[in-house]
Each structure stands twice: as C-alpha cells, then as structure tokens.
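Undergrad: Sequence isn't available, so here's the structure alone:
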C-alpha cells in the first residue's frame, strides 16, 4: 500500500511525562488504557477519538504519548487526572511537548539512583522496606502481604524519628 | 508574590510527611503550603503556614473557636454550609477562607455572600481534589458549582484561593497543571495566579489606619 502524502497525514504531537513514584512496575498496555479512560472521562468518546492518544514508550520514571496536534491542553489536563495504575497510586506530570520524538528523547529524565535490594528499617514502631532516591526522598513500604502502608518521607524525617 | 497551596494534609492524616510535601511542592513551583495544626517552619525553601480548620454547623461555635485561636496567628479556614450560615460566617472577624463550597447546595453562596466576601476580604477556596479524584456525575456537579462561583467572582472580585487538598505527594499538582485544570471551569490563567498568591496577602493584612499626631 502506498503511504499517504505528508499533506494528507494527521499531524501529531508528543508529550513526555514523568511518573511518580519512580520505582513502580509499569505495564505500557495498562497505562494506555488508564490514559484513554482519563481522556474519555473528561472529554467524551468523540473528543477521545479525535485526540487519538497512543503510548509510544515508557521508562523507569517516564512515559511518552502521541496525540493529534491541537489537543495539547486536553491531553495535559487528562494526564493530571490519572490517579492509579491497577492497585498502585501514581501521578503523571507533563514536562515537555514536542512535534518530534527525537527532541523529546534528548530530554528524558535521568533514572533515579536506587539500591537494587532496598533495606528494611523501623519507623514509628513498624517495619518498612525503604527506597531512597534523589538525595532526600525515602519511600517506605510496610513489610507484609495485605494492605501494606506506603509512606513518603525524607532522610531528615528518618534522622529525626 | 507568594505561590501557595491552601490546604495539605500530611502524615498522620495523609501518607506523606510535611517535609516530603514541602519537597514535592517546591519541585512543582510553590513557595509556601498551608498545613492544618502545624507550626511556622521552612523546609527546602517552602514556608509552612499553620491553619485552623473549622467544620462546625453553628456560627456561634465557629465564632468561639476563632476567638480562642486568635493568638496563634494561624490561617482560619471554615467549611461552608447553608446560605444563612455562610452569610453569618462572612460577617465574623478573624476568618480568612471559606472552603468546601462544592459540597454545599447550589444557592448557598449567592450574590449577597459574594458581595460580603469581597467587602470583608474573605477568600473562597477552590478545592481541586474533587476535580481530579471524582468522575462522572459528581465531577460534573463540582465543575458546575465552580463555574457558578467564577461567574460571581467575575462580577464581585472577592479573593479566591486554590488548594489541592492533598493527602499524599501524589495528589500535588504543579502551578501549570492547576492553571490547566482551572480552564475546565472557565477560570482565567491570571486569576489562577492571583488566587495562588492570595494567602500571602491574607497573612499580611494591614490594620486600620491610626492617626499618631
């Protein structure tokens, strides 16, 4: 099949968004469904079809999405309403918008420097698995099987406790 | 000009410590955050402004609570209620912000309340938590209420504040994201920036002019 001439192709834009917390296991397919649901919930099926959101790539702490040019605000608003990926709470923050993937790939956030085996520690009388990154940040996941508490603190909080 | 998130709920109410909230807020473009029952502090360049949250249906009780807390120099936030309650609250001294307008009935904050708020310099809070966290009919209701509020704001120009009402660092949104979310209920970008700076001016209100000589 012959490709469409450039003037007839749909114009696309790309957004690079960071993902918090940076240590979650990302399933790009699941993230795609969450993003499409966010767009549809806010703007309806007709606009969602026009926006044509696609997950291009994901990394440890980022996602790149593609959409139809002219819907920048709608996509950024929808990204800010994403709350969870399955059971895991997340937050997406749109950082850069571009017309080419090449420009976005030069601005990818650095991978957070985390220990491969997070140590266990006591905090307020409970045992947690501690993930340290970006200098001050410490994410504590309670040890256990069911309804583990997740706390976001800093190194200063740990030293003070 | 200050850029303030008007209500955050750190640990133990939420799952993030005050310091971590401050760190997150700094990264998202804020220079101060309002935290209920906190102390005046500064973490990572972000000022912590203490607040008193009052959720009482009786204006007399509210008045008593405001009087007992006057020495603490904290920001006083009162949950809105019925129309009569809101008008009574807007006539009280020492109240800074009326919040949770979206949880009240449609006409609970009308043109009379709007004029009173403008005259007395009491801010009305726009809570973005339900805009982000709810879906379907409940989100539509909130957007409609905020749309009505903005219509009144454009006529009477009472002070507004913006809050994420975050219980976690994952609930925090950047200044830019707040501007975009506010477009959903027709709030202009410059009004959003002014609303983010309202707390700074509420904390530095000038007293009545006194003639010295």
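TA: Structure received. Predicted model only: the values in this text are computed from it and were never measured.
Undergrad: What are the structural domain limits within chain A?
TA: Here chain A is described, according to automatic domain parsing, as comprising the domains A:11-105, A:120-160.
Undergrad: Turn the ones you listed into CSV, including mean pLDDT and distance to chain B.
TA: Every C-beta, even on glycine, is put in place using the N, C-alpha and C of the backbone. Shown next, in CSV, are the domains of chain A (pLDDT from 0 to 100; distance: least, Cβ to the nearest Cβ, whole Å):
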stretch, mean pLDDT, distance to chain B
domain A:11-105, 94, 4
domain A:120-160, 85, 4
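Undergrad: Please identify which of those domains is closest to residue B:42.
TA: Proximity to residue B:42 (Cβ to Cβ) singles out domain A:120-160 among the domains of chain A, at 12.7 Å.
Undergrad: rewinding a little: could you identify which of the domains of chain A is most buried?
TA: domain A:11-105 (a mean of 17; mean count of other Cβ atoms under 10 Å in any protein chain shown).
Undergrad: Would you mind measuring the gap between the ends of it?
TA: With Cα to Cα, to the nearest Å applied, domain A:11-105 spans 19 Å between its terminal residues.
Undergrad: ok, back up a step: in a markdown table: the domains of chain A, plus distance to residue B:134.
TA: Formatted as a markdown table, these follow (distance: least, Cβ to Cβ, whole Å):
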| stretch | distance to residue B:134 |
| --- | --- |
| domain A:11-105 | 10 |
| domain A:120-160 | 22 |
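Undergrad: Any idea how far the lowest-mean-pLDDT helix or strand in chain B is from the middle of the chain?
TA: When the helices and strands of chain B are scored by mean pLDDT, DSSP states H and E, helix B:198-203 comes last with a mean of 86. Put simply, helix B:198-203 sits 10 Å off its chain's centre (Cα atoms, centre = their mean, to the nearest Å).
Undergrad: Off-centre distance for stretch B:103-113?
TA: That offset, for stretch B:103-113, works out to 16 Å (Cα atoms, centre = their mean).
Undergrad: and if you look at stretch A:44-57?
TA: On Cα atoms, centre = their mean, the centre of stretch A:44-57 falls 17 Å from the chain's centre.
Undergrad: End to end on stretch A:138-147, go ahead and measure it.
TA: With Cα to Cα applied, stretch A:138-147 spans 19 Å between its terminal residues.
Undergrad: what's in contact with it?
TA: Stretch A:138-147 is contacted from outside by A:21, A:23, A:120-121, A:123, A:126-133, A:148-155, A:157-158, using Cβ atoms under 8 Å, 6 or more residues apart in numbering or on different chains.
Undergrad: try 7 Å this time
TA: A:21, A:23, A:120, A:123, A:126-132, A:148-155, A:158 (Cβ atoms under 7 Å, 6 or more residues apart in numbering or on different chains).
Undergrad: same check, this time on stretch A:48-55
TA: Contacts for stretch A:48-55 (Cβ under 7 Å, 6+ apart): A:28, A:31-32, A:35-36, A:39-40, A:63, A:65-68, A:71, A:74-75.
Undergrad: Relative to residue B:164, which of the domains of chain A is closest?
TA: Nearest of those (Cβ to Cβ): domain A:11-105, 10.6 Å.
Undergrad: Could you measure from residue A:69 over to residue B:189?
TA: According to Cβ to Cβ, to the nearest Å, residue A:69 and residue B:189 sit 22 Å apart.
Undergrad: quick revisit: mind listing what's buried in the least confident helix or strand of chain B?
TA: Going by neighbour count (16 or more other Cβ atoms under 10 Å in any protein chain shown), the buried part of helix B:198-203 is B:198, B:199, B:200, B:202, B:203.
Undergrad: from what I can see the second one touches residue B:6, true?
TA: The one in question is residue B:199. Yes - between residue B:199 and residue B:6 there is a contact under Cβ atoms under 7 Å: 5.9 Å.
Undergrad: what touches both of those two?
TA: Common neighbours of residue B:199 and residue B:6 (Cβ under 7 Å, 6+ apart) are B:34, B:161.
Undergrad: give the contact list for residue 156.
TA: I went with chain A, as the question did not name one. Residue A:156 makes contact with A:136, B:19 under the criterion Cβ under 7 Å, 6+ apart.
Undergrad: Wait, chain B was what I had in mind.
TA: Listed by Cβ under 7 Å, 6+ apart, the contact set of residue B:156 reads B:114, B:115, B:118.
Undergrad: mind checking pLDDT for residue B:152?
TA: Per-residue pLDDT puts residue B:152 at 96.
Undergrad: That one is in contact with residue B:114, isn't it?
TA: Yes - Residue B:152 lies in contact with residue B:114 (Cβ under 7 Å); the separation is 4.2 Å.
Undergrad: I'd like the distance from stretch B:162-179 to the chain centre, please.
TA: Taking Cα atoms, centre = their mean, one finds stretch B:162-179 lying 13 Å from the centre of the chain it belongs to.
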